[in-house]
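Undergrad: structure for the following, please:
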Amino acid sequence: MKPTDAELEILHVLWANGPSTVRQVHEQLSQNREIGYTTALKLMQIMVDKSLLSRIEDSRSHTYSAAVSEEDTQRGLVDRFVETAFRGSASKLVMQVLGQHKTSPEELDEIKKLLSSLNRD
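TA: You can find the predicted model right below:
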């Protein structure tokens with residue numbers, strides 16, 4: 001399931017900080033943009049219904065955790081993006097990214113290592 005942009009923001013907070021209350025997530029989100037507490041709460045409740053988050057209910061507070069991994073989510077988003085924007089061509093995506101953005105020597109080394117390991121398989 002593809003999370004919305006707002007849902008991705010919440011997932012990023014939970015991936016970085018681990019299980020958190022709505023208040024903790026809201027505080028993190030509020031550092032970057034205006035978002036109401038009730039909006040964050042409603043989004044997180046919807047995300048539980050969509051199986052993107054899990055919720056543990058204590059007597060006074062609810063703790064939320066990401067129910068999907070960062071890697072699986074990124075993989076799904078990239079797969080969909082490659083299919084829709086680049087008609088399934090990973091090479092067109094890579095060429096576009098490398099042609100449009102400055103890539104550090106360290107990143108280029110990582111890319112070369114990845115390509116080398118893919119050639120061996």
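Undergrad: CA only for contacts and neighbour counts going forward, please
TA: OK.
Undergrad: and the contacts of stretch 45-61?
TA: Contact with stretch 45-61 is made by 3, 7, 21, 44, 62-68, as judged by C-alpha atoms under 8 Å, 6 or more residues apart in numbering.
Undergrad: could I get the average pLDDT for that stretch?
TA: If you average the pLDDT over stretch 45-61, you get 93.
Undergrad: hmm, who's touching stretch 90-105?
TA: 82, 86.
Undergrad: buried stuff in the helix or strand of the chain with the lowest mean pLDDT?
TA: Taking mean pLDDT, DSSP states H and E as the measure, the helix or strand of the chain with the lowest value is helix 90-100, at a mean of 86. Along helix 90-100, these residues count as buried under the neighbour rule (16 or more other C-alpha atoms under 10 Å): Leu93.
Undergrad: repeat for stretch 7-26
TA: Residues of stretch 7-26 classed as buried: 7, 10-11, 13-15, 19-23, 25-26 (neighbour count, 16+ other C-alpha under 10 Å).
Undergrad: restricted to helices, list these.
TA: 7, 10-11, 13-15, 22-23, 25-26 (DSSP state H).
Undergrad: redo these as TSV? Include pLDDT.
TA: Below are these laid out as TSV (pLDDT from 0 to 100):
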residue	pLDDT
Glu7	97
Ile10	97
Leu11	98
Val13	97
Leu14	98
Trp15	98
Val22	96
Arg23	96
Val25	97
His26	97
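Undergrad: from these, pick the one nearest Asn32.
TA: Asn32 has its nearest neighbour among those in His26, at 10.5 Å by C-alpha to C-alpha.
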